[in-house]
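> Have a look at this prediction, sequence included:
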Amino acid sequence: MGLLCSRGKVHLDGHKDLTLHLPVTKISDAAVIGKLYIPKLMANGREIAFTVAIGDSVKKGQRIGLAPGFYMPVFAPVSGKITGIENLYNSLVGRPIPHFVLENDFKEEWGEPLTLIDPNKASRVEIVSAIKEAGICGLGGAGFPTYVKYEKEQPIECLIINSIECEPFLTSDYHAMQEHLTLFIQGVSILLKVSGAKEAVIAIKVGKPELVAKIRQEIGDRKDIRVQEMKDLYPMGWEKVLVQEILHKDYEGLPSEAGAIINNASTAIAVADALLNGHPITERLITISGDAIKPTMAIVPIYTKVQSLMTFLGGYQADEINLLAGGPMTSKAMMNDNFVIEKTTGGLLVLKCVEYVSEPCLRCGRCILACPSSLYPCEIKDAIDKKDFKRLRDLEVNKCVECGTCSYVCPSKIDIVGSIRKAKLLLKLEDAKAAPKK
Ligand code: SF4
Ligand code: SF4
């Protein structure tokens, strides 16, 4: 049980030591990356417009499609040949969907590089356009297209680089910053320039003195980038909390209302790699951790099948497991392991199934104290059980960010966040039914 430290935040058992000091292994085994599976749909279920077909050869980093809606190009993660289409479960869409099968030829032949940018000479518009063409999105899990945050000129006071990684087990950003320190600071500098802010604050949770020292050394005597160490509390990495802690401001909709733009540390690295080296995102450094798998820090091409990776790592170490694509606080358990690593996948957790029985609510109020959105989770759960939709709206259930803290602190082991997710879906359906037919 976590110790309640302050309203809206809790200290969690981090389990970071499982992977924090491990070396990073690049996986090159043919059984894992011999075949890659490129989803044919976006997370919202819409079809990607591909410019390649079965039988085509592709180069690594070659642009092969464009996602609809927000402009988001798709790139081949390795060189090879597209040999077919297979249906696989998709962790983002939440159901089986068709995927292109890409047979890796292991030649590592790069296609045409992206247009290189000199950040000192390029204009803000040119840099934002280059980020857009590189298909960079938020690598902290949200996957929001990065260019959108910078497209509009707006008064920004501070660029916050979110290096908190506040979910237990995950250490991918920590390792990525260690591995690519120079690229990381170059990425922060590029984002700082396009944000128009006076300073960039790299927010890192306390307890990583070696990394902080290295980053400060890389920053040198620059006055426009600084590191701020943050308390080891959850959800310190949530954007609203970051803005409150660093700028002492609140906002309703977007951080820009409080004069901030927030990007994740791995996203900054990806921006520099694209603009300075011409490389789109073709691989991810991921944390594989938990009590039912061999903890590993692995670099794999995106679209690697999780099942093959887990087999390569020696398989699961329990008969019944929960497999999560992401951190334990906000991710849902996957139906199976027949899905692929996406650009946004920072971690895979394999946890032994623990049976627990929920007890009735004790009215202890811990969930209320812990909720970072200042909601009344126990009241919301009560309204859900009674299917009282009006009360759910009065209790502002849609302000829940699904951080999972209420379930974590609940002594009665009530799955409050699971019920809230369902309630939000039911309200959406109710809204859709009530909407006038077009
Ligand atoms: S999951 Fe929602 S209700 Fe529960 S603590 Fe987080 S924001 Fe509050
Ligand atoms: S739901 Fe859990 S944490 Fe909230 S008041 Fe009831 S027993 Fe306490």
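Received it, and whenever you're ready, just let me know what you need. Residues are numbered from 1 along each chain as shown. Ligands and ions are numbered 1, 2, ... in the order given.

> going forward, measure contacts and count neighbours with C-alpha atoms only.
Fine.

> three-state assignment of the closest residue to Val212 other than its chain neighbours?
With sequence-adjacent residues excluded and distances taken as CA to CA, 6 or more residues apart in numbering, Val212 is closest to Val227, at 7.2 Å. The three-state label given to Val227 by DSSP: H, G, I helix; E, B strand; the rest coil is strand.

> I'd say Val227 and Arg216 touch.
Yes - Val227 lies in contact with Arg216 (CA atoms under 8 Å); the separation is 7.1 Å.

> List the buried residues in the strand or helix carrying Met177.
Assigned by DSSP states H and E, Met177 belongs to helix 172-179. Residues 172-178 are the ones in helix 172-179 that count as buried (16 or more other CA atoms under 10 Å).

> what about the helices in the stretch 101-250 of the chain?
124-133, 146-151, 172-179, 181-195, 209-219, 239-247 (DSSP state H, counting those that start in this stretch).

> Just say which of those helices is most tucked in.
Ranked by mean neighbour count under mean count of other CA atoms under 10 Å, the helices of the stretch 101-250 of the chain are led by helix 181-195, which reaches a mean of 22.

> Skip ahead from the helix or strand that contains Tyr408 and say which helix or strand is next.
Assigned by DSSP H and E, Tyr408 belongs to helix 405-409. Per DSSP H and E, helix 405-409 leads on to helix 416-434 as the next helix or strand towards the C-terminus.

> hmm, who's touching that following helix?
377-378, 380-381, 384, 389, 397-398, 400, 402-404, 406-407 (CA atoms under 8 Å, 6 or more residues apart in numbering).

> ok, is that helix in contact with ligand 2 or not?
No - taking CA under 6 Å from any ligand atom as the criterion, helix 416-434 and ligand 2 are apart, separated by no less than 6.9 Å.

> Could you confirm whether that helix reaches ligand 1?
Yes - Helix 416-434 lies within reach of ligand 1 by CA under 6 Å from any ligand atom, at Val417.

> and that helix, which residues are buried?
In helix 416-434, counting by 16+ other CA under 10 Å, buried: 416-417, 419-420, 423-424, 427.

> quick one: which of those is nearest ligand 2?
Ile416 (6.9 Å; CA to the nearest ligand atom).

> re earlier: ok, which of the contacts of helix 416-434 also contact ligand 1?
377, 400, 402-404, 406.

> which two in those residues are spaced the farthest apart?
For those, with distances taken as CA to CA, the pair at the greatest spread is Pro377 and Cys403 (11.7 Å).

> And those two? Which one has more around it.
Pro377 (26 against 20; other CA atoms under 10 Å).

> Take the ones next to ligand 1 among the contacts of helix 416-434 and write them to JSON lines, including pLDDT.
Listed next are these as JSON lines, based on pLDDT from 0 to 100:
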{"residue": "Pro377", "pLDDT": "95"}
{"residue": "Cys400", "pLDDT": "93"}
{"residue": "Glu402", "pLDDT": "91"}
{"residue": "Cys403", "pLDDT": "91"}
{"residue": "Gly404", "pLDDT": "92"}
{"residue": "Cys406", "pLDDT": "95"}
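
> quick one: Ala432 and Asp385, what's the gap?
Distance, Ala432 to Asp385, using CA to CA, to the nearest Å: 22 Å.

> Kindly apply the preceding question to Asp291 instead.
33 Å.

> Can you give me the neighbour number for whichever residue of the stretch 101-250 of the chain sits closest to ligand 1?
Proximity of the stretch 101-250 of the chain to ligand 1 (CA to the nearest ligand atom) peaks at Pro235, 8.7 Å away. Residue neighbour count, defined by other CA under 10 Å, stands at 26 for Pro235.

> returning to what we had before: for the residue nearest to Val212, what are its contacts?
201-204, 212, 215-216.

> Surely Gln307 is within a helix?
Yes - assigned with three-state DSSP, Gln307 falls within a helix.

> and the closest residue in space to Ile48 that isn't next to it in sequence, what does it touch?
Nearest residue to Ile48 in three dimensions, chain neighbours excluded: Ala67, at 4.5 Å (CA to CA, 6+ apart). Listed by CA under 8 Å, 6+ apart, the contact set of Ala67 reads 42, 46-49, 73-74.

> could you measure Ala67 against Ser129, distance?
In terms of CA to CA, Ala67 sits 16 Å off from Ser129.

> Equivalent analysis for Lys231, please.
From Lys231 to Ser129 the distance is 36 Å (CA to CA).

> again with Lys60
For Lys60, the distance to Ser129 - CA to CA - is 22 Å.

> Next, the contact list for Ile414, please.
Ile414 neighbours (CA under 8 Å, 6+ apart): 358-361, 407.

> Out of those, the closest to ligand 2 would be?
Cys361 (3.7 Å).

> got a list of what that closest one touches?
378, 412, 414.

> pLDDT score for the second one?
Think Ser412. At Ser412, the predicted lDDT confidence score is 96.

> residues near the closest residue to it other than its chain neighbours, how many?
The shortest distance from Ser412 to any non-neighbouring residue, by CA to CA, 6+ apart, is to Glu359 (4.8 Å). Other residues near Glu359 come to 11 when the count uses other CA under 10 Å.

> For ligand 1, see how far away Glu359 is.
18 Å (CA to the nearest ligand atom, to the nearest Å).

> per-residue confidence at whichever residue of the stretch 101-250 of the chain sits closest to ligand 2?
Going by CA to the nearest ligand atom, ligand 2 is nearest to Tyr234 of the stretch 101-250 of the chain, at 16.2 Å. pLDDT for Tyr234: 91.

> Also the one 5 residues further on?
At Glu239, the predicted lDDT confidence score is 92.

> need the contact list for it.
Glu239 touches 255, 262, counting by CA under 8 Å, 6+ apart.
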